[in-house]
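coordinates only, sequence not included:
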């Protein structure tokens, strides 16, 4: 049924969508021609080398050794710290890489490989993963699931979602594979909207087993599915649905963890690598509450890492419970996607061991809400991309970042107006316009200051810190906004859940 629906959608596809796909493909490839994390920066290099090194380790060692420290696997040199599905993906890429050039994955001696041919290979693995998983998921969401929209509008919305600058810059510039876990999550949402709870659970578990940061969506999926089970008037059907969902989760986890569950030491070594408490509260400067509070209260000095993990877990849980309980009592698709946006922002703002790149997780449900809230989507895209400015500067990606952002904004506004969606800045929405323009001016000012003015010698990281605090305030505002929508917005016809 799923593939038949996809074929029918492709058959009805407006001719506008094909050029849009080509455009997004080319934008990714153009960004990939620029620098990347750790380029020519020994001895550890950066995320590019981390991904290459995981190919080396997974291809040459047995799965039981992937997460353990040894003479062949120095965990201090980019030790594998993502779940098994990432490791399997690395093995596949390593297998293909070896068939092209054995030296790319040769144990020990391949460290720091950064040749032109290897760069083309590595960039291609990200692009293929993006197209196969994320492109297809988002296009399916807009072209098949959002049927009441006109084909041309669906094509435009898919284009806007695919053109999100931050995701392109992180995956195809900085170098990561966020598109895989995000793509699995989109497919999970699509399945749930179609009433296919078994497949939806499987796809979410795949996302979770690719990147543990997909836990940001865990409360949304858990309480939505649990609420669905209890909404059936027939108790037998409720139990069958619950058993179906539970079996999907158990079977998917067993399949992903199969090589690691037979030995307790091996199993615990994986768990320890996935949740490294010792690494600290956050990485670098990140636009969340803990980093912003560090200006006033030196949390890293006053509180141990283990105690800070407990504090962040408690505060995160407290903030998650109201909207989670509301979703459980009212398990609609509208509440589910708004909850995904709100809770993922809470995780970003308050949880332990946050990276600046995890804002991409909050951006996904925002992307799924483009048609309902174009103005907010536009604003969130700008702020979330701006929050990555220090990372882009570190990677030498400032110019492509600015160029891609400006180009994307032109496309967004043109498409929104073509669809008749409200992104105009006029007297009707005067207060909103003033706030928005002031917000963007602040981004421009900090961008120009950080790129053109030398920071005071006494405060060498002042611009990075200002970026974090400024972005954090915006993310707090977005968090309240999406929680408000969950509790008070009406259910759009496009979000009527099937199966009840």
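In hand now; what should we look at? Computed from a prediction, not measured in an experiment: that's the story for all the values here.

residue boundaries of the helices in the stretch 251-400 of the chain?
Counting by DSSP state H, counting those that start in this stretch, one finds helices in the stretch 251-400 of the chain at the ranges 264-274, 289-293, 299-302, 305-329, 333-350, 359-368, 374-386, 389-395, 398-418.

Flag every buried residue along the fourth one.
Think helix 305-329. Neighbour counts using 16 or more other C-beta atoms under 10 Å place 308-309, 311-312, 315-316, 319-320, 323-324, 326-328 of helix 305-329 among the buried residues. No exception for glycine: its C-beta is placed from N, CA and C like everyone else's.

and that helix with helix 333-350, angle?
For helix 305-329 against helix 333-350, the angle by axes from the mean of the first three to the mean of the last three C-alpha atoms, to 10 degrees is 170 degrees.

For residue 299, the count of nearby residues, please.
For residue 299, the neighbour count with other C-beta atoms under 10 Å is 17.

Would you point out the helix or strand in the protein whose mean pLDDT is lowest?
helix 2-11 (a mean of 52; mean pLDDT, DSSP states H and E).

got a list of contacts for stretch 449-456?
Under the contact criterion C-beta atoms under 8 Å, 6 or more residues apart in numbering, stretch 449-456 has outside partners 389-390, 393, 398, 461-464, 467.

can you do 10 Å?
Residues outside stretch 449-456 that contact it (C-beta atoms under 10 Å, 6 or more residues apart in numbering): 389-390, 393, 398-399, 402, 460-467.

end-to-end on it?
From its first residue to its last, stretch 449-456 covers 12 Å (C-alpha to C-alpha, to the nearest Å).

Which residues belonging to it are considered buried?
Those would be residue 450, for stretch 449-456 by 16+ other C-beta under 10 Å.

how far off helix 305-329 does the lengthiest helix in the chain point, in degrees?
Looking across the chain with DSSP state H, the single longest helix is helix 462-488. If you take the same axes, to 10 degrees, helix 462-488 sits at 30 degrees to helix 305-329.

and stretch 250-262, how far from the chain's centre?
Its chain's average C-alpha position is 24 Å from that of stretch 250-262, according to C-alpha atoms, centre = their mean, to the nearest Å.

now swap in stretch 318-336 and tell me
Mean-position distance between stretch 318-336 and its chain equals 21 Å (C-alpha atoms, centre = their mean).

got it, and stretch 294-309?
26 Å.

Now do the end-to-end distance for that stretch.
By C-alpha to C-alpha, one end of stretch 294-309 lies 15 Å from the other end.

which of the contacts of stretch 449-456 tops the neighbour count?
Most neighbours among these, by other C-beta under 10 Å: residue 467, with 25 neighbours.

how about residue 174, secondary structure?
For residue 174, the assignment made with DSSP: H, G, I helix; E, B strand; the rest coil gives helix.

Any regions of the stretch 201-350 of the chain where pLDDT drops low?
Applying pLDDT under 70 to the stretch 201-350 of the chain flags residues 278-284.

Look at residue 42 and report its pLDDT.
For residue 42, the pLDDT comes out at 84.

what's the closest non-adjacent residue to it?
The shortest distance from residue 42 to any non-neighbouring residue, by C-beta to C-beta, 6 or more residues apart in numbering, is to residue 112 (6.1 Å).

For that neighbour, which three-state class applies?
Three-state call for residue 112 (three-state DSSP): coil.

Determine the three-state secondary structure at residue 71.
Per three-state DSSP, residue 71 ends up coil.

quick one: contacts for it?
residue 108.

Please report the distance of it from residue 107.
Using C-beta to C-beta, to the nearest Å, residue 71 is found at 10 Å from residue 107.

Specify the next element, helix or strand, located C-terminal of the least confident helix or strand of the chain.
helix 17-31 (DSSP states H and E).

Tell me which helix or strand comes right after that following helix.
Taking DSSP H and E, what comes next after helix 17-31 is helix 47-60.

Who are the packing partners of the helix or strand just after that next one?
Later in the chain than helix 47-60, the nearest helix or strand by DSSP H and E is helix 84-100. On a contact count with 3 or more C-beta pairs under 10 Å, 6 or more residues apart in numbering; DSSP states H and E, helix 84-100 meets helix 47-60, helix 116-129, helix 178-193, helix 197-210, helix 235-257, helix 264-274.

ok, back up a step: list the buried ones in the longest helix of the chain?
By neighbour count on 16+ other C-beta under 10 Å, the buried set for helix 462-488 is 463-472, 474-476, 478-479, 481-483, 485-486.

model confidence over it, on average?
Rounded mean pLDDT across helix 462-488 is 95.

That helix - contacts with which helices or strands?
Here helix 462-488 touches helix 289-293, helix 305-329, helix 333-350, helix 359-368, helix 374-386, helix 389-395, helix 430-452, going by 3+ C-beta pairs under 10 Å, 6+ apart.

helices and strands around the second one, which ones?
In this case it means helix 305-329. Against helix 305-329 (3+ C-beta pairs under 10 Å, 6+ apart) you get helix 218-231, helix 289-293, helix 299-302, helix 333-350, helix 462-488.

Dump those to TSV, plus distance to residue 163.
Shown next, in TSV, are the helices and strands packed on helix 305-329 (distance: least, C-beta to C-beta, whole Å):
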stretch	distance to residue 163
helix 218-231	25
helix 289-293	29
helix 299-302	37
helix 333-350	19
helix 462-488	20
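
if we compare these, which one ends up closest to residue 167?
helix 333-350 (14.2 Å; C-beta to C-beta).

Give the other helices and strands that the closest one contacts.
Applying 3+ C-beta pairs under 10 Å, 6+ apart, we find helix 333-350 packed against helix 178-193, helix 218-231, helix 289-293, helix 305-329, helix 359-368, helix 374-386, helix 462-488.

Put together CSV for those, with distance to residue 98 on each row.
Output for the helices and strands packed on helix 333-350, formatted as CSV (distance: least, C-beta to C-beta, whole Å):
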stretch, distance to residue 98
helix 178-193, 21
helix 218-231, 36
helix 289-293, 41
helix 305-329, 39
helix 359-368, 30
helix 374-386, 36
helix 462-488, 39
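
which non-adjacent residue is nearest residue 226?
Residue 226's closest residue in space is residue 328 (C-beta to C-beta, 6+ apart), at 6.0 Å.

Next up, the contacts around that neighbour.
219, 222-228, 230-231, 335.

now do residue 57
So residue 57 contacts 65-67, 72-75, 77-80, 87, 90-91, 94, 105, 107 (C-beta under 10 Å, 6+ apart).

before we move on, back to that, for the contacts of residue 328, which PyMOL command selects only the ones that are buried?
The buried residues among the contacts of residue 328 can be selected in PyMOL (16+ other C-beta under 10 Å) with this line:
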select buried, resi 219+222+223+224+225+226+227+228+231+335
